[in-house]
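Peer 1: From the sequence below, what's the structure:
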Amino acid sequence: MGGYVLAIDQGTTSSRAIIFDGAGSVVSSGQLEHEQVFPRAGWVEHDPREIWDNTREAIGRALAKASLTRHDIAAVGITNQRETAVVWDRFTGEPVYNAIVWQDTRTQDIVDRLAADGGVERFKQKVGLPLATYFSGTKIVWILENVPGARARAEAGGLLFGTTDSWVLWNLTGGVDGGIHATDVTNASRTMFMDLETLAWDEEILAVFNVPRSLLPEIRSSSEIYGTVHTSSLLREVPVAGILGDQQAATFGQAAFDAGEAKNTYGTGNFLIFNTGEEIVHSRNGLLTTVGYKLGDQPVHYALEGSIAVTGSLVQWLRDNLGLIDTAAEIETLANTVDDNGGAYFVPAFSGLFAPYWRPDARGALVGLTRYVNKGHIARAALEATAFQTREVLDAVNADSGVPLTELKVDGGMITNNTLMQFQADILDVPVIRPVVAETTALGAAYAAGLATGFWSNLDELRNNWQEDTRWEPHLDPAERDRLNRNWKKAVTKTFNWVDADVI
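Peer 2: A predicted model of the protein is given here:
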């Protein structure tokens, strides 16, 4: 067996390959960004072929940097942007349309149509999710209804659907030459089609959505050998043995294996996951019920999740759309030119509001502006938006679980921003903790693959790998914390009811 595990992290903005050693430390990596396609307002797409090409290139780069070959790699794990939908031809391997990204809101009419009989929580008891554009189920429906010939090809058994883990797995294991069409329970739980109790596709819901069963991948556990890499790859014959959706992977990489443990990922969006163990907890406060992980034939672990659509992507927007900064890292420098937000609040409801509001009619708003406000205040307001949104989600988690979190483990690209992390601790009034290995998403996928192949022996070994790097303690005056939160909630209400028949 090789001495390393390789994780493929197919994310919203890039595809990466990261090689880890037995201590869970990063040995090398390769990364390529892919194009963000915006055909019209509210539409977000990726080219699946570009994603697969970039994935192969990233693997090559990671191996080359570390001077390793396939013989050094014990297993491959996959983690991915979860709700992004790909539909492709099983005979040619060609996508029938671009991947429709989780942020995309074009399916609101389909959501409304399905919600006409029973409301947006029509299927929530069974699948843990409200009807929303966020999840992949309505994206499949849109492709079947809008791509010429797709419906007929699907009903004839000629098309396959997958979230991007399935797309990568199928291509990695051979594509049209025997590729494995599967997904894991965490990704399946984000489609709106999987019964949380049985962990199987629900035939009644598929009938309501009018999605052929033949489109869907086989549902497997998060940690087992699905197959081996095809002979055409640099990793030929290496077992592919772990799949976790990105947020579940980050939770696993943070060693939050037990009920009551949690993490918050700061990426394109923010995602707080709270492990509820083997119990399915149905939220009364706007959270999602989802699968945390399932290791082989062991019992499934469930979780509550608070999903926030726009956090890191707000910084990208300030950079790319407004030119306020030249690099994402400059947002902290600009924010630190002022002492506070100057009364400005930025609610980035670019694709509606996710948890805990679930308001597709909301749109972004920058409020509280006066002549005093400058670009430093706007930069600070943008960072603070991430912390405020996280506070609202954490309040919902505490209300649902009845066990208030006493500290928050964090990961993702934005945790290098010390100003944001300190404000996060201040606004939550709990310590915020950054681990030594910040690549927790890829690490979680590596862990799942390594457990399945015996590279790691058990969860205790993984717990021992986790190490604290930095801890931020709250210092904010309670009255000021309450004032800031009160103003934030007021700002959020200004985004409601923006979208109507004549506003896009």
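
Peer 1: Go over the secondary structure and confirm residue 490 is in a strand.
Peer 2: No: checked against DSSP: H, G, I helix; E, B strand; the rest coil, residue 490 lies outside a strand; its state is helix.

Peer 1: Spell out which helix or strand contains the nearest residue to residue 81 once chain neighbours are set aside, please.
Peer 2: Sequence neighbours aside, residue 12 is the residue nearest to residue 81 in space, at 4.7 Å (criterion: C-beta to C-beta, 6 or more residues apart in numbering). Bear in mind the C-beta positions are built from the backbone N, C-alpha and C, glycine included. If you go by DSSP states H and E, residue 12 is not part of any helix or strand.

Peer 1: Strands of the stretch 151-300 of the chain, start to end?
Peer 2: For the stretch 151-300 of the chain, the strands defined by DSSP state E, counting those that start in this stretch cover 159-163, 182-184, 194-195, 200-201, 218-220, 223-228, 239-245, 262-266, 270-277, 288-293.

Peer 1: Most tightly packed of these?
Peer 2: Stretch with highest mean neighbour count among the strands of the stretch 151-300 of the chain: strand 239-245 (a mean of 30; mean count of other C-beta atoms under 10 Å).

Peer 1: between the strands of the stretch 151-300 of the chain, which one is nearest to residue 415?
Peer 2: strand 262-266 (5.5 Å; C-beta to C-beta).

Peer 1: and that closest one, which strands flank it?
Peer 2: Under the criterion DSSP bridges, strand 262-266 sits next to strand 270-277 (antiparallel), strand 408-411 (parallel) in its sheet.

Peer 1: Please list the residues outside the longest one that contact it.
Peer 2: I take that to be strand 270-277. Applying C-beta atoms under 8 Å, 6 or more residues apart in numbering, the set of residues contacting strand 270-277 from outside is 246-248, 250-251, 256-265, 290, 292, 301-308, 311, 386, 389-390, 393-394, 397, 401, 405, 412.

Peer 1: so the residue nearest to residue 368 when sequence neighbours are not counted is in which element?
Peer 2: Leaving out its chain neighbours, the residue that sits closest to residue 368 by C-beta to C-beta, 6+ apart is residue 343, at 4.5 Å. For residue 343, there is no enclosing helix or strand under DSSP H and E.

Peer 1: Just list the residues touching residue 343, thanks.
Peer 2: 368-370, 372-373, 377.

Peer 1: cool, and residue 92?
Peer 2: Per C-beta under 8 Å, 6+ apart, neighbours of residue 92: residue 176.

Peer 1: Next, it: secondary structure please.
Peer 2: Assignment for residue 92 (three-state DSSP): coil.

Peer 1: how much space is there between residue 2 and residue 128?
Peer 2: In this view, residue 2 and residue 128 are 37 Å apart by C-beta to C-beta, to the nearest Å.

Peer 1: Counting neighbours, go ahead and name the busier of those two.
Peer 2: residue 128 (26 against 17; other C-beta atoms under 10 Å).

Peer 1: and the residue lying closest to the more buried one once chain neighbours are set aside, what does it touch?
Peer 2: Spatial nearest neighbour of residue 128, chain neighbours left out: residue 289 (3.2 Å); criterion: C-beta to C-beta, 6+ apart. Contacts here follow C-beta under 8 Å, 6+ apart; on that basis residue 289 touches 124, 128-129, 196, 280-283, 302-305.

Peer 1: Can you pull out the low-pLDDT segments for the stretch 1-150 of the chain?
Peer 2: 1 (pLDDT under 70).

Peer 1: would you list every one of the helices in it?
Peer 2: For the stretch 1-150 of the chain, the helices defined by DSSP state H, counting those that start in this stretch cover 48-65, 108-115, 124-127, 136-146, 150-155.

Peer 1: Apart from its chain neighbours, what residue comes closest to residue 409?
Peer 2: Once flanking residues are discounted, residue 409 sits nearest to residue 263: 4.5 Å by C-beta to C-beta, 6+ apart.

Peer 1: before we move on, what about residue 188?
Peer 2: residue 194 (4.3 Å).

Peer 1: Grab the longest helix from this structure for me.
Peer 2: Ranked by residue count, the top helix of the chain under DSSP state H comes out as helix 375-401.

Peer 1: tilt between it and strand 262-266?
Peer 2: Counting by axes from the mean of the first three to the mean of the last three C-alpha atoms, to 10 degrees, helix 375-401 lies at 150 degrees to strand 262-266.

Peer 1: Check which residues of helix 375-401 are buried.
Peer 2: Neighbour-count burial for helix 375-401 flags 376-397, 400-401 (criterion: 16 or more other C-beta atoms under 10 Å).

Peer 1: so what does that helix touch, helix or strand wise?
Peer 2: Packing contacts for helix 375-401, counted by 3 or more C-beta pairs under 8 Å, 6 or more residues apart in numbering; DSSP states H and E, involve strand 262-266, strand 270-277, strand 301-308, helix 312-320, helix 330-335, strand 345-347, helix 418-428, helix 478-493.

Peer 1: closest one to residue 22 among these?
Peer 2: Of all the helices and strands packed on helix 375-401, it is strand 262-266 that lies closest to residue 22, at 22.3 Å by C-beta to C-beta.
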